[in-house]
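The following block contains a protein sequence and its predicted model.
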Amino acid sequence: MTPVLLVAGSTWFVANTLVSRTAKAGAGILFLLPGILVYYLWKKRAAPPHTQSISV
């Protein structure tokens, strides 16, 4: 029950911010997008190479 309340409260908070302060919320989202892109590129670069095991 607690996770449901957390998700519901967070969703309400984000939706309320997007409606009441659209410009600032949009600026925040635009600020986050490059960071998300860098995270995934960094994660991909740091991933160990896949190796195939040969069964004998």
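That came in fine, so what should we check first? Numbers count the residues shown, from 1 in each chain.

got the residue ranges for the helices in this protein?
In the chain, the helices defined using DSSP state H lie at 2-20, 22-46.

Reformat those helices as a markdown table; add mean pLDDT and mean neighbour count.
Placement of C-beta: from N, CA and C, glycine included. Shown next, in a markdown table, are the helices of the chain (pLDDT from 0 to 100; neighbours: other CB atoms under 10 Å):
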| stretch | mean pLDDT | mean neighbour count |
| --- | --- | --- |
| helix 2-20 | 93 | 10 |
| helix 22-46 | 91 | 10 |
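
how close does the residue most central in space within the chain get to A8?
Geometric centre of the chain, nearest residue: I36, 6.5 Å, by CA atoms, centre = their mean. Between I36 and A8 the distance is 24 Å, computed by CB to CB, to the nearest Å.

How about F31?
26 Å.

Over to L33?
Applying CB to CB, the value for L33 to A8 is 26 Å.
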